[in-house]
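>>> Any chance you could fold what I've pasted below:
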Amino acid sequence: MGRKHRKSEQKAEEQFMEQMKQTVVDESETIPQQAEETAVREQEIGEEITTEESKIESLTQEIQTFKQIAGDNLEKALRAQAELENIRKRTTRDIENAHKYALERFVTELLPILDSIALGLSALNGTQDVTGLREGMDLTLKMFNTTLEKFGVRAIDPQGEKFNPEKHEAVFMQELEGAESGTVISVAQKGYELNGRLVRPAKVIVAK
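Purely as a prediction, here's the structure:
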C-alpha cells in the first residue's frame, strides 16, 4: 500500500514538472512575440506622435502667418482712417474758407463802382452840369449791371410780355386801350435771377 502511494505521488510529481516545463516553453515562445508586438505598437505610436507634431507645427506656422496678415491689415486700416480724418479736416477747412471768402471776387468787382459813385458825389459840390452828372450816373449803372452779369445775375424786365406768375408779381391791374389782357404794361420794379434761380420777382402792372 505504501509503495503504491509513493508511485502515485512520484507520477503526479512528474506530471506537474512536465506541465511546468510546458508552461515555461509556452511563455518563452509568447514573450518574444509580445515584445515584438509591443515594439511595433511603440513604433506606430511614435509615427502618430511625429505626424501630430508635424500638424501642430504646420498649424502654428499658419497662425503666425494669419497674425502677420491681421497686423498688416490693422496697420493699413489705421493709416486709412488717419488719412480720411485729414481729408475731412481739410474739406471742413476748405468749406469754411469758401463760405467766408465766397464774395471776395464779387466785392472786388464792386469796389470800382463804389469809387465811381463817391467820385460822382464829390463832383456834385458846386456844379450845375446836370448833363455830365447824368452821364456819370449812367456809366456807373452800366458798370454795376456788367458786374452783376459776370456773376450770373440777370435782370427781369418784362415790359410788354405776358404776365408770368412764376417770375412776376402783379401789384395792380389796369384797363388800357389797345393792350391785350394779361400783358405787362408797366414795370414798377425789375426782378432778378441768379444763375437761373429767381432772387426777386418783377413787380408789374398788368392789363385787364
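>>> So for this protein, the centremost residue is which one?
Centroid-nearest residue in the chain: Leu84, 8.5 Å away (criterion: Cα atoms, centre = their mean).
>>> Quick one: classify that one as helix, strand or coil.
Per DSSP: H, G, I helix; E, B strand; the rest coil, the secondary structure class of Leu84 is helix.
>>> let's have the chain start at 56 instead
Yep, numbering from 56; the last one is Leu139 now.
>>> Okay, it and Arg148: tell me how far apart.
15 Å (Cβ to Cβ, to the nearest Å). Bear in mind the C-beta positions are built from the backbone N, C-alpha and C, glycine included.
>>> do the same with Thr195
Here Thr195 is placed at a distance of 38 Å from Arg148 (Cβ to Cβ).
>>> Could you do Gln98 as well?
75 Å.
>>> looking at the protein, which helix or strand is least sure?
One helix or strand of the chain scores below all others by mean pLDDT, DSSP states H and E: helix 57-156, with a mean of 75.
>>> Quick check: Leu194 touching Ile168?
No: Leu194 sits out of contact with Ile168 when judged by Cβ atoms under 8 Å, with a separation of 9.9 Å.
>>> Neighbour count: those two, which is higher?
Ile168 (18 against 13; other Cβ atoms under 10 Å).
>>> Check which helix or strand the more buried one maps to.
In this structure, Ile168 is located in helix 159-179 according to DSSP states H and E.
>>> next one: Ala243
Here Ala243 sits within strand 239-244, counting by DSSP H and E.
>>> For that strand, name the packing helices and strands.
When contacts are defined as 3 or more Cβ pairs under 8 Å, 6 or more residues apart in numbering; DSSP states H and E, strand 239-244 sits against strand 223-229, strand 257-262.
>>> got the contact list for that strand?
Here strand 239-244 makes contact (Cβ atoms under 8 Å, 6 or more residues apart in numbering) with 212-218, 223, 226-227, 229, 231, 234, 257-262.
>>> what's the answer for stretch 166-177, then?
With Cβ under 8 Å, 6+ apart, stretch 166-177 has contacts from 188, 191-192, 194-195, 198-199, 202.
>>> now do stretch 145-164
With Cβ under 8 Å, 6+ apart, stretch 145-164 has contacts from 202, 205-206.
>>> Just those residues: which are in helices?
202, 205 (DSSP state H).
>>> Make a PyMOL selection of the buried ones in the contacts of stretch 145-164.
Of the contacts of stretch 145-164, the buried ones go into a single PyMOL selection, burial set by 16 or more other Cβ atoms under 10 Å:
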select buried, resi 202
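>>> ok, His223 - how many residues close by?
20.
>>> Which pLDDT value goes with it?
Residue-level confidence at His223 comes out at 95, pLDDT.
>>> Same question for Leu176.
Per-residue pLDDT puts Leu176 at 73.
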